[in-house]
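Novice: need a 3D model of the sequence below.
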Amino acid sequence: METYTTGNTAGAEFIAVCRHHLLTEYYPKIERCLMELSEDDIWWRAHETDNSIGNLILHLSGNIRQWIISGIGGANDVRNRAQEFAERAHIPKPELLNLFKDTVTEANAVLEHFDTDKLLEVRHFQKWDYTCMYAISHVVEHVAQHMGQIIYITKLRKCTDLKFFNL
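Specialist: Residues are numbered from 1 along each chain as shown. Now for the predicted structure:
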C-alpha cells in the first residue's frame, strides 16, 4: 500500500493529501476521459439544461483558479462563472486539456508553497468568508464531484469500462 504522509504536522499532511488527490488521482482520470472522447462527445449533453464535459472542464478550471490560485495564492480573480456554463463554441479538446492541466499545475504550486500556519486564516471567496482549510477542502470535493460526472458521461458515450481500478 502506498503512503502519502509528510511526517510533519496535520496541516502539512492535509495539504499533501489534497495535492495528491488533485494532481495524482483526479487529473489523470479526467485527462483519460477526454482522451477517450471525440470533440462531439466532449460537448454532448443529454438535454440543453445539462452540462457537457467541456463545460465541466471550464467550470472546474474557473473554480480552482478562483478558490486556490486567487483566494489562497493571491492572484487576480478573473473568473466568469456564467460563461463556463454558457459556452457552446466547442473549444478543441487539446485547448481544454491544456487549460485544465495548467490550472491544476498552478494550483499544486500554490499549495506546495502554502504556509500551513494560515490554514485557519479567513479569506473572502466569491461572496463568502471561509478559512483557507475550508476553501482547499471545497475545491478537492468539488473536483471529485464533477470528475464523477465526467467519468459517467464518458462511460455513457463510449460504452466501456475505463478500468481505473484493477484490484
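Novice: tell me which residues are up against stretch 134-152.
Specialist: Residues outside stretch 134-152 that contact it (C-beta atoms under 8 Å, 6 or more residues apart in numbering): 14-15, 18, 21-22, 26, 29-30, 33, 51, 53, 56-57, 59-60, 63-64, 67-68, 71-72, 107, 111, 119, 123, 125, 130, 162, 164. Quick note: C-beta positions are derived from backbone N, CA and C, even for glycine.
Novice: 7 Å instead?
Specialist: 18, 21-22, 26, 29-30, 33, 53, 56, 59-60, 63-64, 67-68, 71-72, 123, 125, 162 (C-beta atoms under 7 Å, 6 or more residues apart in numbering).
Novice: in PyMOL, select just the buried ones from those residues.
Specialist: The buried residues among the contacts of stretch 134-152 can be selected in PyMOL (16 or more other C-beta atoms under 10 Å) with this line:
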select buried, resi 18+21+22+26+29+30+33+53+56+59+60+63+64+67+68+71+72+123+125
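Novice: now, which of the contacts of stretch 134-152 lie within helices?
Specialist: Among the contacts of stretch 134-152, the residues falling in helices (DSSP state H) are Cys18, Lys29, Ile30, Cys33, Ile53, Leu56, His59, Leu60, Asn63, Ile64.
Novice: closest to Glu84 among these?
Specialist: Checking the ones in helices among the contacts of stretch 134-152 against Glu84 by C-beta to C-beta gives His59 as the nearest, at 4.2 Å.
Novice: check contacts around the residue lying closest to that closest one once chain neighbours are set aside.
Specialist: Spatially, and ignoring its direct neighbours in sequence, His59 is nearest to Glu84 (4.2 Å; C-beta to C-beta, 6 or more residues apart in numbering). Applying C-beta under 7 Å, 6+ apart, we find Glu84 in contact with Asn55, Leu58, His59, Gly62.
Novice: now with 8 Å, please.
Specialist: Counting by C-beta under 8 Å, 6+ apart, Glu84 touches Asn55, Leu58, His59, Ser61, Gly62.
Novice: how far off centre is the host helix or strand of it?
Specialist: Assigned by DSSP states H and E, Glu84 belongs to helix 81-86. When C-alpha coordinates are averaged (C-alpha atoms, centre = their mean, to the nearest Å), helix 81-86 and its chain have centres 16 Å apart.
Novice: done for today, thanks.
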